[in-house]
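**Student:** Sequence first, then the predicted structure:
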Amino acid sequence: QLRLVESGGGLVQPGGSLRLSCTTSGSTLSSYAIGWFRQAPGKGREGISCISRSGGSPVYVDSVKGRFTISRDNAKNTVYLQMNSLKPEDTAVYYCAARSGSSWYATLEVGEYSAWGQGTQVTVSS
């Protein structure tokens, strides 16, 4: 079973940048499509970006397009989320997750993921 641990969150001013990392263990990362999700206080969990097993076909929700970039290094067992031009509305707990089954491609649908990290807090505030 793949285990996932997020890191890189923190407090940043509007317009700033952060890079989140999702470090995996317990199984071969290249066997899983990976998604990044976030959950703001009082809101449901939403998919914001995902990437296929090989690192191609990245998908972004409209609210982060042009600002966030997802990538992966299967040799390092790590998936990244580079977040630029951060806004206060990006404040949330960010999670990475592995898609269930052996699908090559990822999706932003929360219900398609069965293995989750514990989350990392991102706060965008002046």
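**Tutor:** Yes, it's here.
**Student:** from here on, contacts and neighbour counts on C-alpha atoms
**Tutor:** Noted.
**Student:** Let me know how buried residue 99 is, in neighbour terms.
**Tutor:** Applying other C-alpha atoms under 10 Å, we find 28 residues neighbouring residue 99.
**Student:** Give the full set of residues in contact with it.
**Tutor:** Contacts for residue 99 (C-alpha atoms under 8 Å, 6 or more residues apart in numbering) come out as 32-35, 106, 112-115.
**Student:** List just the nearest of these to residue 15.
**Tutor:** residue 35 (23.7 Å; C-alpha to C-alpha).
**Student:** So what does the closest one look like in phi/psi?
**Tutor:** phi -130, psi 150 (degrees, to the nearest 10).
**Student:** now the residue nearest the centre of the chain: how far from residue 117?
**Tutor:** With distances taken as C-alpha atoms, centre = their mean, the residue of the chain nearest its centroid is residue 36 (2.2 Å). As judged by C-alpha to C-alpha, to the nearest Å, residue 36 and residue 117 stand 10 Å apart.
**Student:** What of residue 93?
**Tutor:** On the measure of C-alpha to C-alpha, residue 93 and residue 117 end up 11 Å apart.
**Student:** Likewise for residue 66?
**Tutor:** Distance from residue 66 to residue 117, by C-alpha to C-alpha: 25 Å.
**Student:** These two - which one has more neighbours?
**Tutor:** A direct count of neighbours by other C-alpha under 10 Å for residue 66 and residue 117 places residue 117 higher, at 19 against 11.
**Student:** Common neighbours of residue 36 and residue 117, please.
**Tutor:** Contacts common to residue 36 and residue 117, judged by C-alpha under 8 Å, 6+ apart, are 95-97.
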